[in-house]
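Predicted model follows, preceded by the sequence.
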Amino acid sequence: MAKDMTPDMQTEKAQAAAWFRELRDQIVAAFEGLEDSHDTGPMADATPGRFDVKTTQRASDDGSDAGGGLMSVMRGGRVFEKVGVNVSEVYGTLAPPAQKAMAARGVPGMEEDPRFWASGISLVAHMQNPHAPAVHMNTRMFWTPNAWWFGGGSDLNPCLEYDEDTAHFHATQKAHLDPHGEEHYPKLKEWADEYFYIPHRHRARGVGGIFMDDRNSGDWAADFALTQDIGRAFLPAYVPLVEKRRVQDWTDVDKEAQLVHRGL
């Protein structure tokens, strides 16, 4: 992990936090738009879902402000059974176990200065229609006085798999990553395949996606741009799949397959 040469990075941290919030706003608007436009199919007569938005706050051990964020949750919609889109910006001092874990990962200077700052967006969506795939996405930035890095990605988790949906999801991600270097997509795809594999079940969690962690090339702007495009790829990779599958009829067998898949 490369050492940070600009310890405070106030401008960079503000840019990253603003981007995660902007991405959150785009996703929330798109998902509520899917709820409003769902006028055919098995759930057409249900009430369109809306996000319940709550402000979160984090307190340090001494009770002082340590940041917070927004928690946005929708339950029981026409398209989404449950979906959460959360953003946060938190800071403080890492506890000794966290300091030890960070040092083990190669983060320098943990004993000398254990302050941290972190911001990110995290999303998990479960669908009403078992033909529509569940999905996970997150991107984040972490900072300490001696290092910074980005991480995150997205992966598709259908209970009823469609090869064309998988191909679209991956092709869209590749198209967003290739301008940063054609080496990124195959590397991040392989990383996701390994990261989301469930060893004790001898199977993958879904059909894969992209994932990275500890991203610090020494060029903050380039790494931030890569992280942004991982986020930008999400809606065009995912929304068309939901639009296509949300109107399909399903059977009790399909719904049971969905419940079994969630249990994995």
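Yep, it's here. This structure is a prediction, so every number in the text was calculated from the model and none was measured.

Where does pLDDT dip in the stretch 101-250 of the chain?
Counting by pLDDT under 70, the stretch 101-250 of the chain contains no low-confidence range.

Helices along that one, start to end?
Using DSSP state H, counting those that start in this stretch, the helices of the stretch 101-250 of the chain run over 163-177, 184-195, 220-232, 234-245.

As JSON lines, those helices with distance to residue 22 and mean neighbour count would be great.
C-beta coordinates here come from the backbone N, C-alpha and C atoms, glycine included. Formatted as JSON lines, those follow (distance: least, Cβ to Cβ, whole Å; neighbours: other Cβ atoms under 10 Å):
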{"stretch": "helix 163-177", "distance to residue 22": "16", "mean neighbour count": "18"}
{"stretch": "helix 184-195", "distance to residue 22": "22", "mean neighbour count": "17"}
{"stretch": "helix 220-232", "distance to residue 22": "9", "mean neighbour count": "19"}
{"stretch": "helix 234-245", "distance to residue 22": "12", "mean neighbour count": "19"}
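
Those: which one's closest to residue 19?
helix 220-232 (6.0 Å; Cβ to Cβ).

Show me what the closest one is packed against.
helix 10-37, strand 134-144, strand 147-157, helix 163-177, strand 208-215 (3 or more Cβ pairs under 8 Å, 6 or more residues apart in numbering; DSSP states H and E).

Using a markdown table, lay out the ones you listed together with distance to residue 109.
Output for the helices and strands packed on helix 220-232, formatted as a markdown table (distance: least, Cβ to Cβ, whole Å):
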| stretch | distance to residue 109 |
| --- | --- |
| helix 10-37 | 17 |
| strand 134-144 | 7 |
| strand 147-157 | 7 |
| helix 163-177 | 31 |
| strand 208-215 | 16 |
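
so which of these gets nearest residue 52?
helix 10-37 (11.1 Å).

Would you tell me what the next helix or strand after that closest one is?
strand 52-59 (DSSP states H and E).

which residues are in contact with that following strand?
65-75, 86, 88, 90, 92 (Cβ atoms under 8 Å, 6 or more residues apart in numbering).

among those, which are in helices?
Assigned to helices by DSSP state H, none of these qualify.

Only the buried subset of those residues, as a PyMOL command please.
Those of those that count as buried under 16 or more other Cβ atoms under 10 Å are selected in PyMOL with:
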select buried, resi 66+67+69+70+71+72+74+86+88+90+92
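
So which of the contacts of strand 52-59 is the closest to residue 165?
The closest of the contacts of strand 52-59, once distances to residue 165 are taken by Cβ to Cβ, is residue 74, at 22.0 Å.

What spatial separation is found between that closest one and residue 88?
18 Å (Cβ to Cβ, to the nearest Å).

and if you look at residue 262?
25 Å.

what's the answer for residue 128, then?
28 Å.

With residue 207 instead?
From residue 207 to residue 88 the distance is 28 Å (Cβ to Cβ).

With residue 81 instead?
24 Å.
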